[in-house]
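J.: the following comprises the amino acid sequence and a computationally predicted model.
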Amino acid sequence: MIERFLKYSLENGRKISVILSDSQGMKRKNLQVTAVEEEGFYALFPGRKKAVKVPFSSVLTADYARGDHGELE
């Protein structure tokens, strides 16, 4: 299911909401996927100009960002 949302963000240039797990706990973040690789993906976070690599193992779940229901015009 997570792959579906990553693909949606990458192909449509839309933000998604993910829950990430790291050494400090869990965090909910909105991000836009810019590239997908074998072990992770690159994403733009709000307020950052460069894409950050995110390993698949740190993503617990993904969903549409607030106000987005997956409809394409």
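T.: Thanks, I have it. Numbers count the residues shown, from 1 in each chain.
J.: Lys27 against Ile19, yeah?
T.: Yes. Contact between Lys27 and Ile19 holds when scored by Cβ atoms under 8 Å: they sit 7.2 Å apart. (Glycine included, C-beta is placed from N, CA and C.)
J.: where does pLDDT dip in the chain?
T.: Counting by pLDDT under 70, the chain contains low-confidence residues at 70-73.
J.: can you pull up the bridge partners for the residue nearest to the spatial centre of it?
T.: For the chain, the residue nearest the mean C-alpha position is Leu31 (4.7 Å; Cα atoms, centre = their mean). Leu31 forms beta bridges with Ile16, as assigned by DSSP bridges.
J.: strands of the protein, start to end?
T.: With strands called from DSSP state E, the chain shows them at 16-22, 25-36, 40-44, 52-55, 59-64.
J.: is it possible to export these to a markdown table including distance to Leu10?
T.: A markdown table is the format used below for those (distance: least, Cβ to Cβ, whole Å):
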| stretch | distance to Leu10 |
| --- | --- |
| strand 16-22 | 10 |
| strand 25-36 | 4 |
| strand 40-44 | 8 |
| strand 52-55 | 13 |
| strand 59-64 | 12 |
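J.: looking at those, which one is packed in the most?
T.: Highest mean neighbour count of these: strand 40-44, a mean of 20 (counted as mean count of other Cβ atoms under 10 Å).
J.: can you list the strands that that one pairs with?
T.: Going by DSSP bridges, the partners of strand 40-44 are strand 25-36 (antiparallel), strand 52-55 (antiparallel).
J.: would TSV of these with distance to Lys7 be doable?
T.: As requested, these are exported to TSV (distance: least, Cβ to Cβ, whole Å):
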stretch	distance to Lys7
strand 25-36	8
strand 52-55	15
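J.: of those, which is nearest Ala65?
T.: strand 25-36 (5.1 Å; Cβ to Cβ).
J.: ok and the closest one relative to strand 59-64, angle-wise?
T.: Per axes from the mean of the first three to the mean of the last three Cα atoms, to 10 degrees, the angle that strand 25-36 makes with strand 59-64 is 70 degrees.
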